[in-house]
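[1] I'd like to go over a predicted model; first the sequence, then the structure.
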Amino acid sequence: HDWTPGSPTLPIADFDPATGDSTPRSLRIPPDTTPVELAETLYARAAKLKRARGVVEELTEGAGRQEEYLGTMECMLENLGMRDAGDIEAAREALEEVKEAAAYHSPLMALLRGAAEDVVAGAAGNKKATKSKGGAATKKGGGQAKKGSSPRQQQKKETPRLIALEHSGIAILAGKNNKQNDLLTFSVAHRTDPWLHALGVPGSHVVLRTSTTSLPPPPAALQAAADVAAFLSRARGASRVPVTVVAAGRVRRARGGMKGMVTFEGGETMEGVPERGRIAVEAAAARAAAGE
């Protein structure tokens with residue numbers, strides 16, 4: 001460049017790599033500074049800004065994950081209608097999850113703690129009222145559980161009570177909280193089972209257990225599962241909800257370590273009707289409560 005020592009400006013060509021054109025510009029040179037020193041300062045500043053941008057993008061991504069997680073937790077609590085003892089258990093699990101998340105993820109998680117505690121307190125009240133109304137609760141078949149239960153019996157006892165119903169002889173399962181969503185998707189579902197979730201909004205994971213049959217899922221059963229996914233979502237107030245359908249084997253845990261948060265590849269979209277899902281879920285809960 002043509003620069004005279006002591007000159008306050010330096011003529012430069014501003015090159016645009018997109019068009020290949022260059023525009024003449026004048027770069028101001030501070031007093032007692034050479035163009036080389038200025039270039040070094042500018043390069044250092046650019047490198048610092050680049051590093052800062054990376055940090056900001058990472059923080060923004062983390063904040064987005066936490067916001068999505070908060071929305072999912074809130075939706076899961078709204079889904080708990082205290083229809084059965086499984087709902088009460090799911091509410092307690094959700095409360096423990098909220099407490100743990102508030103401790104190490106973000107102070108914002110603590111905003112859900114009061115709501116979760118209210119849900120659990122209400123559930124306990126409903127359970128006591130049910131016992132008072134129907135007399136002392138007894139186990140089916142009479143008597144108390146035997147001591148020294150086998151490991152298989154203990155494992156069965158510890159298995160969360162997922163939302164369970166069926167259509168055309170095929171089971172439809174759904175999680176009641178993030179812990180159950182994670183368990184259902186990555187431990188219960190077979191990789192070929194259709195996995196469903198309301199598109200773009202918080203909601204329950206839903207699985208159609210087609211792996212237990214040798215036939216493809218009947219369209220009516222798949223529609224019933226989509227209706228359940230629509231109802232157990234933040235969009236339950238809509239008349240129709242777009243629902244993603246993908247093989248469970250294509251679902252992966254999302255980066256960040258939050259239970260129930262996933263990503264997936266491919267899939268199709270179909271419409272679910274929340275009202276039909278509500279009727280199916282409540283009917284299944286009533287049958288379960290009646291001991292069917």
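    Cool, the structure landed.

[2] CA atoms for contacts and neighbours, from now on please.
    Fine.

[3] Tell me which helix or strand in this structure has the weakest average pLDDT.
    Among the helical and strand segments of the chain, the one scoring lowest on mean pLDDT, DSSP states H and E is helix 151-158, with a mean of 40.

[4] Show me what the following helix or strand past that one packs onto, helices and strands only.
    Under the assignment DSSP states H and E, the closest C-terminal helix or strand after helix 151-158 is strand 163-167. Strand 163-167 sits against strand 170-174, helix 219-231, helix 274-289, with contacts defined as 3 or more CA pairs under 8 Å, 6 or more residues apart in numbering; DSSP states H and E.

[5] Send me the last one as PDB with only the CA atoms.
    Below are the C-alpha coordinates for helix 274-289, written out as PDB (Å, rounded to 0.1, in the frame of the first residue of the first chain):
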ATOM      1  CA  PRO A 274     -57.100 -34.200  20.500                       C
ATOM      2  CA  GLU A 275     -60.700 -34.700  21.400                       C
ATOM      3  CA  ARG A 276     -60.600 -38.300  20.100                       C
ATOM      4  CA  GLY A 277     -57.400 -38.800  22.000                       C
ATOM      5  CA  ARG A 278     -59.000 -37.400  25.200                       C
ATOM      6  CA  ILE A 279     -61.900 -39.800  25.000                       C
ATOM      7  CA  ALA A 280     -59.500 -42.800  24.400                       C
ATOM      8  CA  VAL A 281     -57.200 -41.900  27.300                       C
ATOM      9  CA  GLU A 282     -59.900 -41.200  29.800                       C
ATOM     10  CA  ALA A 283     -61.700 -44.500  28.800                       C
ATOM     11  CA  ALA A 284     -58.500 -46.500  29.300                       C
ATOM     12  CA  ALA A 285     -58.000 -44.800  32.700                       C
ATOM     13  CA  ALA A 286     -61.500 -45.600  33.700                       C
ATOM     14  CA  ARG A 287     -61.100 -49.300  32.700                       C
ATOM     15  CA  ALA A 288     -57.800 -49.400  34.600                       C
ATOM     16  CA  ALA A 289     -59.400 -47.900  37.700                       C
END
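
[6] Disregarding residues adjacent in the polypeptide, which is nearest to residue 9?
    residue 28 (4.4 Å; CA to CA, 6 or more residues apart in numbering).
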